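Visitor: structure, please.
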Amino acid sequence: MRLPVRFPRRRTIAAALAAVLCAVFLGAPAATSAARAAVAGPTITVPPSGSHGFPFLAAAEDLGSFGYTESEYFIAGTATAYAPSGIWTSDGRWGVRASLRAPYRTRILVRRPTDPAKFNGTVVVEWLNVSGQIDLSPDYWFARDELLRKGYAWVGVSAQAIGVNGGLGQIHGLKGWDPARYGTLFHPGDAFSYDIFSQAGQALRTPNGPDPLGGLHIRTLLADGESQSAGFMTTYVDAVQPVAQVYDGFMIHSNSAVGAPISGNAADTLLMPNPSRIRTDLSVPTFVVLTETDVPLASVARQPDTNRVVHWELAGTSHGDQWAYDLGNPTVQRSAGSAAPQPDCAAGTAPYNDGPGHYSMNAALRHLADWAQGGNPPPSGPVLNADVRDPSTGLATGGIRLPDVAVPTRTLTGLRDTSGGGVFCGLYGASDPWNGDADPWDRHNAGDPSDPAPPLNTEPVLSRLYPTHADYVSKVRAAAQDSVNAGYLLPEDATTIVDDAQNSNIGG
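Guide: Have a look, this model is predicted:
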């Protein structure tokens, strides 16, 4: 069924994505315990129960059923703001110097295995996203299956001022949401967010107060950020990691071509190197994962993969998608209610992208953890061309193509018609179903010379693509195995994909 899915010009998409990513921007030595000790260890305390009786962004799902527990802690200390030292260029080898110092108190949200024996030794520390004017954890939702099934610990950090103090939204930060719980928090501004994020990692390594991890021994500490948080993560990797050396590896998911300003001042985005590439001289790895939505804006920052920096570009995926929305929205609604940010796409337009973005993030996380522990880098991926689309399916060409794209049953795109939609609508891509009722391919495929070739984006008919159900399942199984062999898909997720194909009614 063809629904309105227009493919906007590259410049339009880039401008829209840049507006959202910037909306909240108001030769390194090996890491050693001595270097890590240079980062201040904040004081850790347990917050009061407050009026709600649970932390903001507490999981709506039953974590206990997965063998997990959730808790919240305050961290407090004195944070440093940085200023550039020397000339910053696009190679990302950015020097910094201490500029200002200020006291702070913020919070961390912790999810960890209840049984220490099930902990795999890796902690993922996510820079919580505040594009919606409240704390959100998009990468927890994207990679949740891998996190919980493999025994990771996850920690969300309220690193930015909006999340604590409030912004333009109905909920005025943590302090406004529950003054009884969060009233003692204070954030001196986003210039201090980088050091606050370092100190959050240090608090996990050497807790000064209650241990947020309940005695779990950390083998690997990974830093992670998606969307606007990925912009801060880019600058953190290039400028702060060489000084702090707290983290063992970095996941940068859906960043743009330009890093966030080290000053925390939105206007200073214009002063940042454009493009802002990832420095290649760190002793720890950085994994950059881009969806189809991101590529038009981020492609100018492309750089060759190395043994310390690897990029993936994912065909048929979007910046936000149906999976992350379905998993995260109950949690956000539980805390924010009607103030929860929504895609707000106009009625009658295509459904949100329901593609394989979460499968890619599962694989990326496992690769990064292994890589940070001394394993091989992830496999490189082909470049995605979001501007050139297959005329028969409407799918973008190139990029990493998981079974949903390699054996398509609908048009998956990172772009969509945003007419009448809200500011976040364009980030959710589109899934354009093929209903297969009419067959514009019939006479053409039968060799009728009077019938022209199908026009661009003519809707395929599933019965023509997959004459039998067994044929469809066989093709999905082969594509899944190819993706596993290439290192782009985990075997567990390949099994799920094949099972879903077998349980479908596609084919014949």
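
Visitor: which pLDDT value belongs to the residue lying closest to Thr393 once chain neighbours are set aside?
Guide: Residue nearest to Thr393 in three dimensions, not counting chain neighbours: Pro408, with 5.3 Å by C-beta to C-beta, 6 or more residues apart in numbering. Just so you know, the C-beta spots here come from the backbone N, C-alpha and C atoms, and that holds for glycine as well. pLDDT, Pro408: 98.

Visitor: for Pro408, helix, strand, or coil?
Guide: coil (DSSP: H, G, I helix; E, B strand; the rest coil).

Visitor: check Gln241 too.
Guide: Under three-state DSSP, Gln241 falls in the helix class.

Visitor: state the next helix or strand along the chain beyond whatever helix or strand Leu109 lives in.
Guide: Element membership for Leu109, per DSSP states H and E: strand 95-113. As assigned by DSSP H and E, the chain's next helix or strand after strand 95-113 is strand 122-127.

Visitor: name the residues that touch that next one?
Guide: Residues outside strand 122-127 that contact it (C-beta atoms under 8 Å, 6 or more residues apart in numbering): 137, 139-140, 143, 147, 152-157, 159-160, 197, 200-201, 204, 213, 216, 218-226, 229, 232-233, 247, 251, 365, 369, 372.

Visitor: before we move on, the earlier item: what about the residue nearest to Thr393, distance to Ser419?
Guide: Relative to Ser419, Pro408 is positioned 25 Å away (C-beta to C-beta, to the nearest Å).

Visitor: residue contacts, Ser227?
Guide: The contact partners of Ser227, by C-beta under 8 Å, 6+ apart, come to Val20, Leu21, Asn129, Ser131, Pro138, His253, Ser254, Asn255, His319, Leu427.

Visitor: next one: Arg149
Guide: Arg149 is in contact with Glu492, counting by C-beta under 8 Å, 6+ apart.

Visitor: ok, 10 Å please
Guide: By C-beta atoms under 10 Å, 6 or more residues apart in numbering, the contact list for Arg149 reads Phe66, Gly67, Asn362, Leu490, Glu492.

Visitor: again with Val498
Guide: By C-beta under 10 Å, 6+ apart, the contact set of Val498 is Pro403, Val473, Ser474, Val476, Arg477, Ala478, Ala479, Ala480, Gln481.

Visitor: quick one: the strands in the stretch 351-500 of the chain?
Guide: With DSSP state E, counting those that start in this stretch as the criterion, the stretch 351-500 of the chain has strands at 384-389, 396-398, 410-413, 430-433.

Visitor: could these go into TSV alongside distance to Ser504 and mean neighbour count?
Guide: Output for the strands of the stretch 351-500 of the chain, formatted as TSV (distance: least, C-beta to C-beta, whole Å; neighbours: other C-beta atoms under 10 Å):
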stretch	distance to Ser504	mean neighbour count
strand 384-389	25	18
strand 396-398	24	19
strand 410-413	12	26
strand 430-433	13	22
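
Visitor: do you know which of these lies nearest Gly50?
Guide: strand 430-433 (39.4 Å; C-beta to C-beta).

Visitor: give me the sheet partners of the closest one and which way each runs.
Guide: Here strand 430-433 is paired, per DSSP bridges, with strand 410-413 (antiparallel).

Visitor: can I get the partner strand in PDB? Just the C-alpha atoms.
Guide: This file holds the C-alpha atoms of strand 410-413, laid out as PDB (Å, rounded to 0.1, in the frame of the first residue of the first chain):
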ATOM      1  CA  ARG A 410       8.500  -3.100   2.100                       C
ATOM      2  CA  THR A 411      10.300   0.100   1.400                       C
ATOM      3  CA  LEU A 412      12.400   1.100   4.400                       C
ATOM      4  CA  THR A 413      13.900   4.500   4.400                       C
END
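
Visitor: quick one: distance of that strand to the chain centre.
Guide: 20 Å (C-alpha atoms, centre = their mean, to the nearest Å).

Visitor: please apply the same query to stretch 500-508.
Guide: Chain-centre distance of stretch 500-508: 30 Å, with C-alpha atoms, centre = their mean.

Visitor: where does the stretch 351-500 of the chain dip in pLDDT?
Guide: The stretch 351-500 of the chain contains residues with pLDDT under 70 at 436-458.

Visitor: the same query, at a cut-off of 80, please.
Guide: Counting by pLDDT under 80, the stretch 351-500 of the chain has low-confidence residues at 435-459.

Visitor: please enumerate the helices of it.
Guide: Along the stretch 351-500 of the chain, the segments classed as helices by DSSP state H, counting those that start in this stretch run 357-372, 403-406, 442-445, 462-465, 469-486, 491-502.

Visitor: who are the packing partners of the second one?
Guide: Helix 403-406 is packed against helix 357-372, strand 410-413, helix 469-486, helix 491-502, with contacts defined by 3 or more C-beta pairs under 10 Å, 6 or more residues apart in numbering; DSSP states H and E.

Visitor: quick check: angle from the last one to helix 469-486?
Guide: Think helix 491-502. Here the directions of helix 491-502 and helix 469-486 differ by 170 degrees (axes from the mean of the first three to the mean of the last three C-alpha atoms, to 10 degrees).

Visitor: for helix 491-502, the distance to its chain's centre please.
Guide: On the basis of C-alpha atoms, centre = their mean, helix 491-502 sits 23 Å off its chain's mean C-alpha point.

Visitor: report the buried residues of it.
Guide: Residues of helix 491-502 classed as buried by neighbour count (16 or more other C-beta atoms under 10 Å): Asp493, Ala494, Ile497, Val498, Ala501.

Visitor: the first one now?
Guide: Taking 16+ other C-beta under 10 Å as the basis for neighbour counts, the residues of helix 357-372 that come out buried are 357-372.
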